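In: Need coordinates for the below:
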Amino acid sequence: MASLCPEDLIRQNVELASMPEIIVRLNQVVDDPYSTAKDISDIISEDPALAARLLRIVNSPFYGFPSQIDTISLAVTIVGTQQLRLLALASSTIRQFANLPNQFVTMETFWRHSFSAAVVARAIAKLTKEPDEEQYFIAGLLHDLGSLIIYSTIPTLATEAITHARRKSIPIYQAERAIIGFDHAMVGAALLRHWNLPEPLTAAVACHHELGDTDIAPRHKAVAHLANIVANSLNPGLLLYRQELIPDSEAWELVGLESGAIDEALDDIETEINEAISAFSLHSVA
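Out: From the prediction side, this is the model:
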């Protein structure tokens, strides 16, 4: 078999890997320095289902805004254009990948882990007073998308990688590299590059197992790395591969926290995870 690269899997999943047209248009408007809040509101309002989901999200206990946000234009004003764009992307991505059939993991299990990592990433960003908590949340939410691409495109190799990980008692990403030649983090990063998402998001997804070059988006990489490990420890029963992951000590230094600093922030983490899942209507995805 000819050698594969992550981009090959994206090309083989054109329909799955295509960003929804309304998100493409929304990105164009948000990136246009001459666009207005009304322009952004008008684009979102063209998709009533997306608009309804966004209003549900911003009015949920997870975000806890003090007053009701009943229009998209008000959401743009209060939440902010960049944050609302990321929420729209997250909502659309969940629906795009929600019911992807595969024999490896249930979607409920996959998204619970993803939301756990997202909520932990947001908690770390809050503790370290990062200016854009939402970007860290989205990095956590999307960090494992490459796994779904692998499962749906090369299931035989995916099975071999899982078997190899169990036999050798090594993390799945190491087994994927040995069997496939690359891992799910690389595939996820290729997908985010295909979507032209900001480099810090792509870097965070690419390096959520190993930090790599810390000259590039070091804090995003470190937060995603730690969030994934903490999420695994919160729900060990959800792990497909049963391999404990060890955090890179440099990651704690990069985020400016001691390794036990987030323990208190995790006291209510299960409640926050459930609130996030409810906010994004994950249980009602059709």
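
In: what are the ranges of the helices in the stretch 151-286 of the chain?
Out: Using DSSP state H, counting those that start in this stretch, the helices found in the stretch 151-286 of the chain span residues 155-168, 172-179, 184-194, 199-206, 218-234, 249-255, 269-279.

In: Would you mind telling me which of the ones you listed is nearest F137?
Out: For F137, the closest of the helices of the stretch 151-286 of the chain is helix 269-279, at 8.3 Å, according to Cβ to Cβ. Just so you know, the C-beta spots here come from the backbone N, C-alpha and C atoms, and that holds for glycine as well.

In: and R166, what pLDDT?
Out: According to the prediction, R166 has pLDDT 87.

In: separation between it and E160?
Out: 11 Å (Cβ to Cβ, to the nearest Å).

In: got it, and H220?
Out: In terms of Cβ to Cβ, H220 sits 31 Å off from E160.

In: Between these two, which is the more surrounded one?
Out: H220 (28 against 16; other Cβ atoms under 10 Å).

In: residue contacts, that one?
Out: 135-136, 139, 200-201, 203-204 (Cβ atoms under 8 Å, 6 or more residues apart in numbering).

In: From V30, how far out is it?
Out: H220 is 19 Å from V30, by Cβ to Cβ.

In: Likewise for V255?
Out: Separation of V255 from V30 (Cβ to Cβ): 27 Å.

In: Could I get the buried residue list for the stretch of helix or strand E7 belongs to?
Out: Here E7 sits within helix 6-12, counting by DSSP states H and E. For helix 6-12, a neighbour-count test (16 or more other Cβ atoms under 10 Å) marks 6, 8-10 as buried.

In: Please save the CA atoms from it in CSV.
Out: C-alpha atoms of helix 6-12 as CSV (Å, rounded to 0.1, in the frame of the first residue of the first chain):
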residue,chain,number,x,y,z
PRO,A,6,-2.9,13.3,6.9
GLU,A,7,-3.9,15.4,3.9
ASP,A,8,-4.8,12.3,1.9
LEU,A,9,-7.5,11.4,4.5
ILE,A,10,-8.9,14.9,4.3
ARG,A,11,-9.1,14.6,0.5
GLN,A,12,-10.8,11.2,0.8
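
In: Can you list the buried residues in the next helix or strand after it?
Out: Of the helices and strands lying after helix 6-12 in sequence (DSSP H and E), the nearest is helix 14-17. By neighbour count with 16+ other Cβ under 10 Å, helix 14-17 contains the buried residues 16-17.

In: How far away from the center of its chain is helix 14-17?
Out: A distance of 17 Å separates the centroid of the chain from that of helix 14-17, by Cα atoms, centre = their mean, to the nearest Å.

In: could you give me the average pLDDT of it?
Out: When pLDDT is averaged over helix 14-17, the result is 84.

In: Check which helices and strands that helix sits against.
Out: Helices and strands touching helix 14-17, by 3 or more Cβ pairs under 8 Å, 6 or more residues apart in numbering; DSSP states H and E, are helix 145-153.

In: tilt between the helix it packs on and helix 155-168?
Out: Angular relation of helix 145-153 and helix 155-168 on a 0 to 180 degree scale: 120 degrees, by axes from the mean of the first three to the mean of the last three Cα atoms, to 10 degrees.

In: With just CA atoms, put the least confident helix or strand in the chain by mean pLDDT into PDB.
Out: Least confident helix or strand, the chain: helix 14-17 with a mean of 84, by mean pLDDT, DSSP states H and E. C-alpha atoms of helix 14-17 as PDB (Å, rounded to 0.1, in the frame of the first residue of the first chain):
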ATOM      1  CA  VAL A  14     -14.400  15.800   0.900                       C
ATOM      2  CA  GLU A  15     -18.000  15.900   2.100                       C
ATOM      3  CA  LEU A  16     -17.200  15.300   5.800                       C
ATOM      4  CA  ALA A  17     -14.200  17.700   5.800                       C
END
